[in-house]
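Asks: Sequence and predicted structure, then a few things I'm wondering about:
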Amino acid sequence: MTPEAVSARKKELAVWLREGLVKLGPTFIKIGQQFSTRVDVLSQEFVKELEKLQDNVPPFETQTALRILEDNLGAPPSEIFAEFEEQPIAAASLGQVHLARLKSGERVVVKVQRPGLKDLFDIDLKNIRALAVWLQKLDPKTDGAARDWVAIYDECSRILYQEIDYTLEGRNADLFRENFQNVDWVKVPEVYWQYSTSEVLVLEYCPGIKINDAPALDAKGLDRQRLARLAVESYLQQILNHGFFHADPHPGNVAVDAESGSLIYYDFGMMGAIPGGVRGGLMELFYGVYEKDAERCLDALVTMGVLVPTGDRLAVRRTAQFFLSSFQERLDQQKKEREDQGKQYSASFKPQRSKDEAKERRKAILSSIGEDLLLAAADQPFRFPATFTFVVRSFTVLDGIGKSLDARFDISEIAAPYARNLLLEGQPQFAALQKDFTKRWNNQSRAVTNLFRGPNQIEDIAGTMQRLESGDLKLRVRALEAERALTRVQAWQKVVASALAASTLVNVGTVLQVSAVTTGATLSFAGAGIFGIMLLANYLTVAKLEKKELQLMGVV
């Protein structure tokens, strides 16, 4: 097929997908919105079509919207507003927006909720919960993380039900505005409470350019890289400083003021909150990554509930240190490439590794920390708190928006200097000197203390050695190679046992068949079939274990 034919076929599939999501209803439109920002994953044909789900969903009937307005406000829109446009200017998954003017002269937007949303959510979420229960049973958790799919579902459903309460959305908008009142590059529309109810929300009219509309931003002379940086920085402030964040930041909900270049946020129905303890842990994790301190990172993960303080912490620490070093190397490499290539650096997406390069990279990682990764997979020390569901979702969407503005956009490049600023802001003016002096003083104090503690420590070591010699104290050594070898032996034993049982039953069935004992022969052959299936399953387990061993040695 020619490139034009392939593109035309993709367009047909993209239209079919969008129309299918619209027919399935609001819950699935949300999924489409999530993928509409992934310019680095989906082809342009799919991205353009899915973008229509952000604010160009088919509206519901005008008469229905007018009836909802009259029921909620106690009078027809013509009596309440000086002007009211019956044709909506935008329509999304949960409602549509009409332009209006108050009798006092202010231009406003009137957000009207789609009818019957709760009933639709009840049906969709019931089916999704069944899927979550199914995933909970089938998830092998071989990556060392124990996910609670049902808890993740509960968090998602809670947020979705909150989104259809416009009174709560208005309060969220007020709180969000208050959090950013001292930030001049973030704008939040005012709420007109006297005209707002649980199904109708009247807001200040704040027009802007969609944040992923690169041609329109370029036409206004706005710096796209700056906008990508501000979008990430605003989210870091929301999560780390305030613990209250916008959980649905797709381009239909984030715009840019054409005059000032400020970010304008819309739609505060889907918001997330991070408890103080978890937020403190996130802040510590940020500091730990910035300072490349693996131990501090692990303590932060324990505080956040992501890491369970059991199992082999040493293996987890070595893994963390490896990835921190790799992270810093990647940042240094990207900085060098940006300096060498100049404007050409952002002209295209980061080239994907070839199959051979990806294989070599995988071998390098496994040869360095393969043992530690196997330990993590066995101990499963990691958890995925449901609180982080929408944090991860938001940063995924932000990453997609960033790449639509800057092809070489990288959240980590923006987060690193922000971490440095947080460190400086959180400490007094002479914090660096104070920290250095404190560190030196502590080292000297420890040296002096050790002069007096040394003899006692030697005595303690001697006592420990005596306890070992007498058998009162026993050392437990974990031999990882022996553990894996024993696992493989046990798997082979199951293979051999299944093979023996299957062959025995085949022989018995054959003898019974020859002796005309049909029922017994049938049962024997059926049993042989069952053991044959078990044989195949056990052999696949052995093959999987041996493949893991070869990967660990860097052979495959």
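Replies: That came through, no problem.
Asks: Which residue lies nearest the spatial centre of this protein?
Replies: Against the mean C-alpha coordinate of the chain, by Cα atoms, centre = their mean, the closest residue is residue 392 at 2.5 Å.
Asks: Measure how buried residue 485 is and give me the count.
Replies: The number of residues packed near residue 485 is 13, by other Cβ atoms under 10 Å. Where you see a C-beta, it was placed from the backbone N, CA and C, and this is true even at glycine.
Asks: and the gap between it and residue 380?
Replies: 21 Å (Cβ to Cβ, to the nearest Å).
Asks: Same check on residue 80?
Replies: 58 Å.
Asks: The residue nearest to the centre of the chain: which element?
Replies: Here residue 392, judged by DSSP states H and E, is contained in helix 389-405.
Asks: Could you do residue 109 as well?
Replies: Using DSSP H and E, residue 109 falls in strand 107-113.
Asks: Let me see the mean pLDDT of the helix or strand just after that strand.
Replies: Beyond strand 107-113 on the C-terminal side, the first helix or strand identified by DSSP H and E is helix 117-138. In this model, helix 117-138 carries a mean pLDDT of 78.
Asks: Wasn't residue 105 part of a helix?
Replies: No. Looking at residue 105 with DSSP: H, G, I helix; E, B strand; the rest coil, it is coil, so not inside a helix.
Asks: Ignoring the adjacent residues along the chain, who's closest to it?
Replies: The shortest distance from residue 105 to any non-neighbouring residue, by Cβ to Cβ, 6 or more residues apart in numbering, is to residue 82 (7.6 Å).
Asks: quick one: the one you found is in a strand?
Replies: Yes. The assignment for residue 82 is a strand, going by three-state DSSP.
Asks: can you pull the pLDDT of it?
Replies: Per the predicted model, pLDDT is 94 at residue 82.
Asks: ok, now residue 519?
Replies: 85.
Asks: same question, residue 239
Replies: 85.
Asks: swap in residue 417?
Replies: 67.
Asks: In stretch 324-332, which residues are buried?
Replies: residue 324 (16 or more other Cβ atoms under 10 Å).
Asks: Name the surrounding residues that touch that stretch.
Replies: The contact list for stretch 324-332, computed with Cβ atoms under 8 Å, 6 or more residues apart in numbering, reads 289, 292, 294, 297, 412, 413, 416.
Asks: quick one: contacts for residue 321?
Replies: residue 294.
Asks: tell me how far the strand or helix carrying it is from the chain's mean position?
Replies: Using DSSP H and E, residue 321 sits within helix 313-341. Centroid displacement of helix 313-341 relative to its chain, using Cα atoms, centre = their mean, to the nearest Å, is 20 Å.
Asks: What's the mean pLDDT across that helix?
Replies: 80.
Asks: Could you pull out the buried residues of stretch 149-156?
Replies: 149, 151, 152, 153, 154, 155, 156.
Asks: How is the second one assigned, secondary-structure-wise?
Replies: The three-state assignment at residue 151 reads helix, by three-state DSSP.
Asks: Show me where the stretch 201-350 of the chain has its strands.
Replies: 209-210, 244-246, 254-256, 263-265, 271-273 (DSSP state E, counting those that start in this stretch).
Asks: Now do the third one: distance to the chain's middle.
Replies: The gap between where strand 254-256 is centred and where its chain is centred comes out at 22 Å by Cα atoms, centre = their mean.
Asks: who does that strand touch, helix- and strand-wise?
Replies: Applying 3 or more Cβ pairs under 8 Å, 6 or more residues apart in numbering; DSSP states H and E, one finds that strand 254-256 makes contact with strand 209-210, strand 263-265.
Asks: low-scoring stretches of the stretch 1-150 of the chain, by residue?
Replies: Low-confidence segments of the stretch 1-150 of the chain (pLDDT under 70): 1, 26-27, 30, 33-42, 54-56, 139-147.
Asks: what about the strands in it?
Replies: Counting by DSSP E, counting those that start in this stretch, the strands of the stretch 1-150 of the chain are 81-84, 90-91, 95-102, 107-113, 145-147.
Asks: Show me what the longest one is in contact with.
Replies: Right, the one you point to is strand 95-102. Looking at what lies outside strand 95-102 - Cβ under 8 Å, 6+ apart - the contacts are 59-60, 65, 77, 81-91, 107-114, 192, 195, 202, 205.
Asks: Report the angle between it and strand 107-113.
Replies: 150 degrees (axes from the mean of the first three to the mean of the last three Cα atoms, to 10 degrees).
Asks: so strand 95-102 versus helix 117-138, what angle?
Replies: If you take the same axes, to 10 degrees, strand 95-102 sits at 140 degrees to helix 117-138.
Asks: Strand 95-102: which residues count as buried?
Replies: So for strand 95-102, counting by 16+ other Cβ under 10 Å, buried means 95, 96, 97, 98, 99, 100, 102.
Asks: in its sheet, what does it sit against?
Replies: Here strand 95-102 has these sheet partners by DSSP bridges: strand 81-84 (antiparallel), strand 90-91 (antiparallel), strand 107-113 (antiparallel).
Asks: related to what we said a few turns ago, could you dump the buried residues of stretch 149-156 to CSV with distance to residue 246?
Replies: Formatted as CSV, the buried residues of stretch 149-156 follow (distance: Cβ to Cβ, whole Å):
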residue, distance to residue 246
149, 24
151, 22
152, 19
153, 21
154, 21
155, 16
156, 16
